[in-house]
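Novice: Predicted model and sequence follow; I will ask about them next.
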Amino acid sequence: MMIRLVRTSSDNNDFNHLVAQLDAYLRILDGEDHVFYAQFNKSALLKNALIAYDDQKAVGIGAYKEYDSNTVEIKRMYTLPEYRGKGIAKTILTSLEHWAQEEDYAISILETGSMQTDAIGLYQKLGYEITENFEPYVGVANSVCLKKKLK
């Protein structure tokens, strides 16, 4: 399997196809909290998006947006279930971090749900540390926020 990454934006059809699958997955995982989280996961404005391809098939996505002038927030990380455990999410995330560094950002933050233990484990393995919840997740019990210095 040869994974190829493509830099794009959230206007990309392959990106949106995987976002739809991610949202369906999160709707189940988040349960009644899904409506709250969904309002912060609109993909329409993401200009820094990555798609991982296995041959011509889009198998994973990730993106970031500016949180402040020094910080990016990682968004929309997702790998098709049959492609998990193959290092694709790690490749996407490290590539997003390098892209953010190219644009002079020094910090990467992200939010995930407390039920997503595999994701939390991956993020911690890649140097992210659990931190206080940042806006708009302050006071949200199910949210786990993580942070990593990029430089």
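Specialist: Received it, and whenever you're ready, just let me know what you need. Numbers count the residues shown, from 1 in each chain.
Novice: hey, which strand is longest across this protein?
Specialist: If you go by DSSP state E, the chain has its longest strand at strand 57-68.
Novice: looking at this structure, which helix or strand does the model trust least?
Specialist: Within the chain, no helix or strand scores below helix 34-38, which has a mean of 56 by mean pLDDT, DSSP states H and E.
Novice: re earlier: quick one, the helix or strand following the longest strand of the chain and strand 57-68 angle?
Specialist: Helices and strands here follow DSSP states H and E; after strand 57-68, the next one along the chain is strand 71-79. Put simply, strand 71-79 runs at 160 degrees to strand 57-68, going by axes from the mean of the first three to the mean of the last three CA atoms, to 10 degrees.
Novice: per-residue confidence at the closest residue to residue 66 other than its chain neighbours?
Specialist: Of all residues not flanking residue 66 in the chain, residue 72 sits nearest, at 6.1 Å (CB to CB, 6 or more residues apart in numbering). Quick note: C-beta positions are derived from backbone N, CA and C, even for glycine. Predicted confidence (pLDDT) at residue 72: the value is 98.
Novice: what's near enough to touch residue 72?
Specialist: 48, 64-66, 96, 100, 105, 107-109 (CB atoms under 8 Å, 6 or more residues apart in numbering).
Novice: residues of the helix ranked longest in the chain that come out buried?
Specialist: Longest helix in the chain, counting residues (DSSP state H): helix 13-30. Neighbour-count burial for helix 13-30, counted by 16 or more other CB atoms under 10 Å, picks out 14-15, 18-19, 22-23, 26, 30.
Novice: Identify the residues contacting the residue nearest the centre of the chain.
Specialist: Nearest residue to the geometric centre of the chain (CA atoms, centre = their mean): residue 77, 2.9 Å. For residue 77, the contacting residues are 61-62, 89, 92-93, 110, 119, by CB under 8 Å, 6+ apart.
Novice: And residue 148, by the same measure?
Specialist: 97, 107-109, 126-129.
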